[in-house]
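mind looking at a prediction? Sequence and model below.
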Amino acid sequence: MALGGRVLLAGALAAQVTERVYAAAYADDARCLAGGRTRDENCAPLRETADTARALAITGWVAGGVTLAVAAGLWLFAPRERAAPSLACAPTLGAPGAACALRF
């Protein structure tokens, strides 16, 4: 699950970089205001790509964060394995014999 969260966050970062690149291209006056036409007439696909990438970035950040938070919660509150019962014996000091202890 933690791997999925990291993949979502990496995808969100890539989408955010893509959004910045396309938004900068859309804001370029020399490119998008040429020919006496409006910015949207010249560069609407750039804006649409930037908008889509922004939506994917927001979704990725939220989904990745939630996934990592759930994974951390599951890891923190998971039941811990208990050691198997064991029997240990050792010779006693000063007297013949042995003392044994059973651990649970």
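Structure's in. What do you need?

use CA for all of it now, contacts and neighbours both
Will do.

what about the strands in this protein?
86-91, 98-103 (DSSP state E).

where does pLDDT dip in the chain?
104 (pLDDT under 70).

longest helix anywhere in it?
helix 39-76 (DSSP state H).

any idea how far it is from the middle of the chain?
Helix 39-76 has its C-alpha centroid displaced from the chain centroid by 12 Å (C-alpha atoms, centre = their mean, to the nearest Å).

show me which positions of that helix end up buried.
Buried residues in helix 39-76, defined by neighbour count with 16 or more other C-alpha atoms under 10 Å: 39, 42-43, 46-50, 53-54, 56-61, 63-65, 67-68, 71.

one more: stretch 17-32?
Counting neighbours by 16+ other C-alpha under 10 Å, the buried set in stretch 17-32 is 17-19, 22-23, 25-26, 32.

can I get the CA coordinates of it in CSV?
Taking C-alpha atoms only, stretch 17-32 is exported to CSV below (Å, rounded to 0.1, in the frame of the first residue of the first chain):
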residue,chain,number,x,y,z
VAL,A,17,5.3,19.8,-13.7
THR,A,18,3.3,19.2,-16.9
GLU,A,19,0.7,21.8,-15.8
ARG,A,20,3.4,24.4,-15.2
VAL,A,21,5.0,23.8,-18.6
TYR,A,22,1.7,24.1,-20.5
ALA,A,23,0.5,27.0,-18.4
ALA,A,24,3.7,28.9,-19.2
ALA,A,25,3.3,28.1,-22.9
TYR,A,26,-0.3,29.4,-22.8
ALA,A,27,0.8,32.6,-21.1
ASP,A,28,3.4,33.3,-23.9
ASP,A,29,2.0,36.4,-25.7
ALA,A,30,4.2,35.9,-28.8
ARG,A,31,2.9,32.4,-29.3
CYS,A,32,-0.8,32.8,-28.3
